[in-house]
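In: Sequence and predicted structure, then a few things I'm wondering about:
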Amino acid sequence: MGDARARGLVAVSAAASADELAEVETTLFGRKSVLGQIKQTLGSLDHEHRATVGRALNEAQLALREAHAAAADDLATAARREQLRSEQLDLTESLAGPGRGHLHLVTQTTERLEDVFVGMGFTVSEGPQAETDWYNFEALNLPAAHPARSMWDTLYLDLGERTELGDGEGGEASNVLLRTHTSPVQIRVMEVQPPPIYTICPGRVFRRDTADASHMPVFHQIEGLVVDRGISFTDLAGTLEEFTSAYFGKAISSRLRPSYFPFTEPSAEFDITCVLCEGSGCQTCGRTGWIELGGCGMVHPNVLSNCGIDFEEWTGFAFGFGIDRLALMRHGIDDLRDMYTNDTRFLAQF
Ligand code: FA5
């Protein structure tokens, strides 16, 4: 039996893989193994002999089990180490190569838009992505249960009772959500800055939209807000036209179509000449020669008074459009999702 034990221990330590160790296990502990056969003879031994042989058998089996378990542990650790080594990525690799990264197309587009508006005298403002119901809806003339709330399919956050976001005058902080547009930044600016205001607010927004060629659940908008004495609808139209030719070039112009937004009155949708066909009509613009960029209008008096601004003295306009879709049009990309799948062969083109 001592022999079987010693040979068993050698076999265990010689196993070089989990498969080999499994084979060794069968030869050590199976019914046909040396120890298995000794066990089967126990019944035929006399009482005294049986106790001695039984004890030696138990000790041999225990020693072999322990050695087997230790070898299995060692082999598993070695296999894991080998797997980690083979899957290791050198993240510094790209720094050395010719293909160094650059800003994402959406970031480049945002920076270019900021440059154009800053050149026209606007400042740049920012607001939080997690907003309260007050800023995202209520202060924008969208009280609870207003039917137009369904224009924005909203993602709500469960943050418990109250938040650090502040709840604005008359607002409740209990409903925290991911902002569905950049319009809440208008409110944040007007709350703290007395007019005149000329600002833009770019940023990330969130909606329960299913991703498709022209929609993403997470996308980017840029908001524009002007509040001053004597601002009229023609200032809005002129600003959008000025922006369009500064950003897209003289061949592209803008037009306004009547629309509805609760926070502007009157409201409009603003279109630009299709940048792909330059107005002659193509598949992208549905042969109309125009593509929709965003919404705009004169700031509703309720919105001004929600921010403590006297609407008898001050008037203003606001506009907002999608940055991702703008980049899509400018570069003739036909699927918005391509910008977010992070295929560097696609992103490297811009
Ligand atoms: C708004 O969000 C208004 N806040 C715009 C506004 C601002 C109107 C100020 C008046 C005054 P709308 O829901 O239409 O409006 O979205 C504006 C633009 O965002 C759209 O024209 C489109 O370019 C872009 N957009 C909307 N949903 C998505 C989406 N799921 N993925 C990518 N872009 C989108």
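Out: Sure thing, it's come through.
In: Stretch 233-253 and the ligand, are they touching?
Out: No: figure legend: stretch 233-253 not in contact with the ligand (CB under 6 Å from any ligand atom); closest approach 9.6 Å. For the C-beta atoms, the positions are set from N, CA and C on the backbone; glycine is no exception.
In: For that stretch, which residues meet the burial criterion?
Out: Using 16 or more other CB atoms under 10 Å as the burial criterion, the residues of stretch 233-253 that qualify are 235, 236, 237, 239, 240, 241, 243, 244, 247, 248, 252.
In: out of those residues, which are inside strands?
Out: Counted as lying in strands by DSSP state E, out of the buried residues of stretch 233-253, is not a single one.
In: Give me the below-cutoff pLDDT ranges for the stretch 51-200 of the chain.
Out: Along the stretch 51-200 of the chain, segments meeting pLDDT under 70 span 92-99, 159-174.
In: any weak-confidence spans in the stretch 251-350 of the chain?
Out: Of all residues in the stretch 251-350 of the chain, none has pLDDT under 70.
In: which residues in it form strands?
Out: Remark: strands of the stretch 251-350 of the chain, listed N- to C-terminal, are 254-261, 264-273, 290-299, 315-322; assignment by DSSP state E, counting those that start in this stretch.
In: Contacts for the first one, please.
Out: If I follow you right, that is strand 254-261. Residues outside strand 254-261 that contact it (CB atoms under 8 Å, 6 or more residues apart in numbering) are 148, 236-237, 240-241, 243-244, 266-273, 290, 293, 295-297.
In: That one versus strand 315-322: what angle between them?
Out: Angle between the axes of strand 254-261 and strand 315-322 is 100 degrees (criterion: axes from the mean of the first three to the mean of the last three CA atoms, to 10 degrees).
In: Put together CSV for the strands of the stretch 251-350 of the chain, with distance to residue 122 on each row.
Out: Compiled in CSV, the strands of the stretch 251-350 of the chain are given as follows (distance: least, CB to CB, whole Å):
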stretch, distance to residue 122
strand 254-261, 17
strand 264-273, 17
strand 290-299, 15
strand 315-322, 11
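In: so of those strands, which one's packed in deepest?
Out: Comparing these by mean neighbour count (mean count of other CB atoms under 10 Å), strand 315-322 ranks first with a mean of 24.
In: Listing partners with orientation, what would you give for it?
Out: Based on DSSP bridges, the strands next to strand 315-322 in the sheet, each with its direction, are strand 218-228 (antiparallel), strand 290-299 (antiparallel).
In: Check which residues of the first one are buried.
Out: Across strand 218-228, burial judged by 16+ other CB under 10 Å covers 219, 220, 221, 222, 223, 224, 225, 226, 227.
In: Before I go, just wanted to say thanks for your time.
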